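Participant: Just the structure for this:
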Amino acid sequence: MNPSSTKGTYRVATDEQGQPPITPARRRRRYGWLSMTVPATATAVVAARYFTLDPDTFLSQQRAVYLTELAPLLLHVGGGVLALALGPWQFRPRLRTRYPAAHRLIGRVYLLSALAAGLGGLALAPKGLAGPIAPLGFAALAVLLLLTSTAAYVTIRRRSVARHQVWMIRSYALIFAAVTFRLWLSVLSGAGIPFDQAYGSGAWASWLINLLVAEQVIARLGRPLTPR
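Facilitator: Here you go, the predicted model:
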């Protein structure tokens with residue numbers, strides 16, 4: 001911020017286009033947002049292939065289950081795809097400030113999608129592989145997703161913006177488990193870990209890791225997210 005002596009006001013330094021300068025902190029936030037948005041969008045695009053109903057696109061070990069549970073599967077995948085793709089845009093300050101109506105619309109669609117993903121996931125969880133470890137992990141993920149997304153809705157309805165931001169971060173961290181889980185399987189499978197072990201551990205690690213990161217983000221943001 002560049003102080004101006006005119007009438008005791010302060011003027012924000014801008015570039016030739018009238019935009020705030022790209023500071024190191026702003027650059028880190030941009031890279032952080034991109035590192036979240038790119039894999040989330042890619043995962044959403046890949047998962048959307050399930051809507052072709054082509055059995056070859058299903059996880060081979062779960063193909064029979066998915067074919068008999070198409071309704072909860074499509075509810076889970078459809079909600080997850082939308083939430084994954086839309087979630088990052090809720091964390092763009094410029095969208096919130098310049099286009100508040102768009103921010104609210106995206107938020108509503110996101111929360112409905114997250115609830116759909118949670119309900120579908122909860123219905124599918126008992127039929128998961130590597131039981132009982134993986135089914136319990138996915139059931140816990142689904143329940144937490146429903147709780148955090150509901151909390152995000154309730155807090156914004158009460159005009160508690162700071163609390164709403166906190167719960168949205170947690171909700172999206174749980175949605176992002178779809179990305180983390182696939183990375184976990186790829187890394188562990190590449191390291192020679194048996195599939196069942198990678199799958200069972202990933203059912204827990206994928207969202208626990210994300211929640212730990214989310215809490216670090218919340219703590220780093222600090223006072224702006226302190227409930228008022």
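Participant: Using CSV, list the CA coordinates for the helix or strand containing residue 94.
Facilitator: Using DSSP states H and E, the element containing residue 94 is helix 93-98. Listed next in CSV are the C-alpha coordinates belonging to helix 93-98 (Å, rounded to 0.1, in the frame of the first residue of the first chain):
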residue,chain,number,x,y,z
PRO,A,93,-11.9,-12.8,-4.0
ARG,A,94,-12.5,-10.8,-7.2
LEU,A,95,-15.6,-13.0,-8.0
ARG,A,96,-17.0,-12.4,-4.5
THR,A,97,-16.5,-8.6,-4.7
ARG,A,98,-17.2,-7.8,-8.3
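Participant: who's in contact with the helix or strand that that helix is followed by?
Facilitator: Next helix or strand after helix 93-98 toward the C-terminus (DSSP H and E): helix 100-124. Under the contact criterion Cβ atoms under 8 Å, 6 or more residues apart in numbering, helix 100-124 has outside partners 65, 69, 72-83, 86-87, 89-90, 95-96, 138-139, 141-143, 145-146, 149-150, 152-153, 156, 168, 171, 175. Placement of C-beta: from N, CA and C, glycine included.
Participant: Out of the residues you listed, list just those in helices.
Facilitator: Judged by DSSP state H, helices contain the following of those: 65, 72-83, 86, 95-96, 138-139, 141-143, 145-146, 149-150, 152-153, 156, 168, 171, 175.
Participant: lowest confidence element among the helices and strands of the chain?
Facilitator: Least confident helix or strand of the chain, by mean pLDDT, DSSP states H and E, is strand 10-11 with a mean of 38.
Participant: what's the first-to-last distance across stretch 82-100?
Facilitator: Separation of the first and last residues of stretch 82-100 by Cα to Cα, to the nearest Å is 20 Å.
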